[in-house]
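# Quick one, what's the 3D model for this:
(one chain, ligands or ions: 1)
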Amino acid sequence: MTAPMHPAMPKVQETLTNAPMLAAWRAEGALALQRCADCATVVFFPRSVCPHCWSTRLDWFRATGTGRIVSFSVIHRGLPEAFQADAPIVLAEVALAEGVPMIARVAAPDVGAVRSGMAVRLVPRDEAARYPLPTFAPA
Ligand SMILES: [Zn+2]
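Residues are numbered from 1 along each chain as shown. The predicted structure follows:
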């Protein structure tokens, strides 16, 4: 009898446009965002054109990695197999300190304590490798 395979994490779809964000997360556990060089709008999700002025001059910068939960869901069932051992998990809209919203997972040790308005920050760098996308924790 063979041991059960560990279920694979879903693969993040990497493109030329989002590659710098994914690389910053993988290498440093950092959140990279774009800022328009022409109108200074901060942009998330990664794009090749500024949604405000249509400039193509979008520069990457390191975000603070902090924000507040706007709203969230606690997901108990229907998760991909790779996440089932972590259930229940929190998926939240996070208002980043840079002024843009981001849908992200919040790794909360006490799911029942999660609230709208709660301050969050990126998980510590040594935990980032567990997550394929930028992930937050209560601040
Ligand atoms: Zn712009």
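
# what's the burial count for the nearest residue to Trp25 once chain neighbours are set aside?
With C-beta to C-beta, 6 or more residues apart in numbering as the criterion, Trp25 has its nearest non-adjacent residue at 5.3 Å, and that residue is Pro134. Placement of C-beta: from N, CA and C, glycine included. Burial of Pro134, expressed as a neighbour count using other C-beta atoms under 10 Å, amounts to 24.

# check contacts around Glu127.
For Glu127, the set of contacting residues under the criterion of C-beta atoms under 8 Å, 6 or more residues apart in numbering consists of 29, 107.

# no no, Ala97
When the contact criterion is C-beta under 8 Å, 6+ apart, the partners of Ala97 are 63-64, 66-67.

# Show the subsequent helix or strand relative to the lengthiest helix in the chain.
For the chain, the helix that runs over the most residues, judged by DSSP state H, is helix 19-28. Sequence-wise, the next helix or strand beyond helix 19-28 is strand 32-36, with elements assigned using DSSP states H and E.

# Sheet partners, orientation included, of the strand ranked longest in the chain?
Using DSSP state E to assign secondary structure, the strand with the most residues in the chain is strand 66-75. For strand 66-75, the pairing partners within the sheet under DSSP bridges are strand 89-96 (antiparallel), strand 119-122 (antiparallel).

# So for the ion, which of the ones you listed sits nearest?
strand 89-96 (17.6 Å; C-beta to the ion).

# buried sites along that closest one?
89-90, 92-96 (16 or more other C-beta atoms under 10 Å).

# ok, residues contacting that strand?
Contacts with strand 89-96, where a contact means C-beta under 8 Å, 6+ apart, come from 31, 33, 44, 63-64, 66-75, 79, 83, 101-108, 111, 114, 120, 136.

# Could I get the buried residue list for stretch 97-104?
Along stretch 97-104, these residues count as buried under the neighbour rule (16+ other C-beta under 10 Å): 98, 100, 102, 104.
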